[in-house]
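Asks: below are the sequence and a predicted model; questions follow.
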Amino acid sequence: MAISATLIQQQRVSHHVIIEANGAIMERCISWAANQTNSTVTPMLGFWEDVTQLLGDETFDGVMFDPFPSTITLAFMKESRRLLREGGVLTYYLQQWGNSGVKQWARSRQDLLKAGFTEDEILPPKYAPMDIRSDCGANDLSTCPMQRVTFIIPQIVKGGKKRTEEFLNDAFSKPSTFETSFHDLRFLHEGPPRQPWARVAAQA
Ligand SMILES: C[S@@+](CC[C@H](N)C(=O)[O-])C[C@H]1O[C@@H](n2cnc3c(N)ncnc32)[C@H](O)[C@@H]1O
């Protein structure tokens, strides 16, 4: 559906790498990519487990992991850390039944630490509770009850929040070097969009 991919495009990143394992979806991705004018899009067919090793160390300003349901692993977190530049951001999402995402986040946070991220780099996640219809097995699924799910949106900044602030200050002082942006991922920074600050995004 290219939902998140389109949002990334709207931020006018200069280069956008998309990794997709399913051939049929990749065909749609390639057609979609051909119509993108904001940045160079590089679709890569394969499982990220095989593909990311083709990408260089510290070459991305943003990494987003977006399968559903979320299956982020320790291995992906380690790869993200390798791929991100200083000040670069990893984001993904987790989901937990109920009003609190506390348990899932505690587990994921431990994995981030095992992957080499530091306490300083792991910013408080955003929590987004929403009601979704459960699959109760009825022929007419619209009769199934709604259930509360909390989506958890982590924000991991390589080098820590302080590094991001330095990066943003640098962007303000030298706007011409930051020709593109990723700022609509507003959960990364409170308040209105700020100076464009990221140039390259990877999405799996
Ligand atoms: C929720 S969709 C992604 C939507 C997309 N980010 C967008 O812009 O709308 C999840 C995709 O992840 C792909 N996928 C699942 N596991 C994968 C893996 N290990 N490596 C690469 N792609 C994978 C699935 O084939 C599926 O197309």
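Replies: Done, it's in.
Asks: which residues does the residue nearest the centre of the chain form beta bridges with?
Replies: Closest residue to the average C-alpha location of the chain: residue 64 at 2.2 Å, with C-alpha atoms, centre = their mean. Per DSSP bridges, the residues bridged to residue 64 are residue 91, residue 203.
Asks: from memory it sits against residue 4, does it?
Replies: Yes. Counting by C-beta atoms under 8 Å, residue 64 touches residue 4, with 6.4 Å between them. Using the backbone N, CA and C atoms, a C-beta is placed for each residue, glycine as well.
Asks: send over the helix or strand where residue 106 lies as CSV, restricted to the C-alpha atoms.
Replies: If you go by DSSP states H and E, residue 106 is part of helix 102-114. Once non-C-alpha atoms are left out, helix 102-114 reads as follows in CSV (Å, rounded to 0.1, in the frame of the first residue of the first chain):
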residue,chain,number,x,y,z
VAL,A,102,4.6,-1.3,29.2
LYS,A,103,5.5,-5.0,29.1
GLN,A,104,6.3,-5.1,25.3
TRP,A,105,8.4,-2.0,25.6
ALA,A,106,10.4,-3.4,28.5
ARG,A,107,11.2,-6.5,26.5
SER,A,108,12.1,-4.5,23.4
ARG,A,109,14.2,-2.1,25.4
GLN,A,110,16.3,-5.0,26.8
ASP,A,111,16.9,-6.2,23.2
LEU,A,112,18.0,-2.7,22.1
LEU,A,113,20.5,-2.6,24.9
LYS,A,114,21.8,-6.1,23.9
